[in-house]
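Trainee: Sequence and computational prediction follow.
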Amino acid sequence: MTLHSPTAPRHPGPESSARPTAGTAVPPVAFPDDSSPPFIRSLGFAAFRLLRPMPEPATEPPLRPLTDRCAAQAVMAEALSVQEGVPPRSWWGRLTGADPLSAESRPWVRGAEGELWVGELLDRLGPEWTVLHSVPVGVGASDIDHVLVGPAGVFTLNTKHHAGQDVWLGEHLLMVAGQRTHHLRHARHEAARAAKRLGAAVGEPVHVTPVIVLVAPKELTVRQRPADVQVLTDQRLLRWLRRRRAVLTADQVARLEAAAARPETWHDAPGPAEDPVTLRERFTALQESVRAARLRRALWRFGGPAAAAVLFFGSEPVRAVLSGL
């Protein structure tokens with residue numbers, strides 16, 4: 001390999017040949033399309049980002065007070081959610097009145113109907129009562145069917161729809177159709193949670209009475225009533241509530257009502273719920289389809305295919321078919 005002396009002239013390359021000599025004017029740097037230098041463009045973009053208005057942060061809609069919730073709100077929503085996964089009935093199933101409900105959605109619909117009926121009863125109470133329905137509580141999806149606040153105290157109502165079934169009540173046990181249940185334990189638990197949450201909200205101990213409301217049982221046999229849980233049928237509920245003597249002052253009632261209406265009193269992370277009017281309309285449509293199917297089954301059983309066809313298609317198409325025979 002040949003080494004060149006530092007003082008030896010080197011062969012000028014392309015770069016050295018283009019290097020300007022002393023006294024030669026340096027031409028200005030030309031940018032394509034007369035645009036600004038890259039660093040100036042970058043500064044301009046940065047300044048634009050700083051000066052342009054920042055978007056407003058997304059805000060969640062304010063939480064509605066619990067007084068806006070309707071009876072059975074959580075149970076109706078769950079029933080409709082489960083029902084959405086049920087395949088649609090065939091045309092023959094619709095004609096013969098096949099039940100549109102699945103085995104999974106049927107208990108939810110039944111439970112919602114029980115809570116709706118008890119909600120209608122509670123609406124008949126006087127203005128001295130504050131009635132809350134389907135109160136979300138805790139950290140998950142649990143709720144209390146009904147919460148009552150009035151001069152007679154605070155009550156949590158657990159609705160049980162046992163229409164046409166025999167119920168047996170003892171001091172420590174409630175059985176439905178001969179089967180043991182956990183109704184008493186659940187009622188006590190709900191009342192204890194309500195007392196803890198309301199007490200923390202108002203800053204003083206709050207006594208809450210647990211109540212189990214049995215909707216349309218065939219018969220209620222009472223061996224011995226529990227000392228700490230009231231068990232009533234829907235027919236006796238209003239009479240029992242109206243006979244309670246006042247135990248709270250007007251100031252205490254006002255403070256408890258205000259605390260009970262706030263979603264954050266009950267739930268650690270309350271969120272928005274579906275509009276109760278829309279929810280009730282969707283559930284009513286489902287109930288109507290169930291009733292129509294039940295009626296079609298009855299017509300097939302007692303009136304024959306012609307009566308079912310009249311109900312399904314209407315009288316005019318059936319009359320046209322019959323006239324052409």
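Mentor: Received the coordinates, thanks.
Trainee: Show me which residues of the top helix by length along the chain are buried.
Mentor: What stands out as the longest helix in the chain, according to DSSP state H, is helix 276-302. Going by neighbour count (16 or more other Cβ atoms under 10 Å), the buried part of helix 276-302 is 276, 279, 280, 283, 286, 289, 290, 293, 296, 299, 300. The way it works is simple: take the backbone N, C-alpha and C, and place the C-beta from them, glycine included.
Trainee: Dump these to TSV, plus distance to residue 198 and pLDDT.
Mentor: Compiled in TSV, the buried residues of helix 276-302 are given as follows (distance: Cβ to Cβ, whole Å; pLDDT from 0 to 100):
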residue	distance to residue 198	pLDDT
276	23	94
279	26	96
280	27	96
283	29	97
286	34	97
289	40	95
290	38	96
293	43	94
296	48	88
299	52	83
300	53	83
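Trainee: helices or strands next to the longest helix of the chain in the packing?
Mentor: Packing partners of helix 276-302 (3 or more Cβ pairs under 8 Å, 6 or more residues apart in numbering; DSSP states H and E): helix 73-83, helix 91-96, helix 105-122, helix 304-313.
Trainee: How far off centre is the helix or strand just after the third one?
Mentor: It refers to helix 105-122. Using DSSP states H and E, the helix or strand that follows helix 105-122 in sequence is strand 130-136. Mean-position distance between strand 130-136 and its chain equals 13 Å (Cα atoms, centre = their mean, to the nearest Å).
Trainee: Just want the angle from strand 130-136 to helix 276-302.
Mentor: Orientation note: strand 130-136 sits at an angle of 80 degrees relative to helix 276-302 (axes from the mean of the first three to the mean of the last three Cα atoms, to 10 degrees).
Trainee: Using PDB, write out every CA atom in strand 130-136.
Mentor: The C-alpha trace of strand 130-136 is given here as PDB (Å, rounded to 0.1, in the frame of the first residue of the first chain):
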ATOM      1  CA  THR A 130     -89.200   8.600  49.500                       C
ATOM      2  CA  VAL A 131     -89.100   5.400  47.500                       C
ATOM      3  CA  LEU A 132     -86.000   4.300  45.500                       C
ATOM      4  CA  HIS A 133     -85.900   1.400  43.100                       C
ATOM      5  CA  SER A 134     -83.100  -0.900  41.900                       C
ATOM      6  CA  VAL A 135     -80.400   0.800  44.000                       C
ATOM      7  CA  PRO A 136     -76.900  -0.200  42.800                       C
END
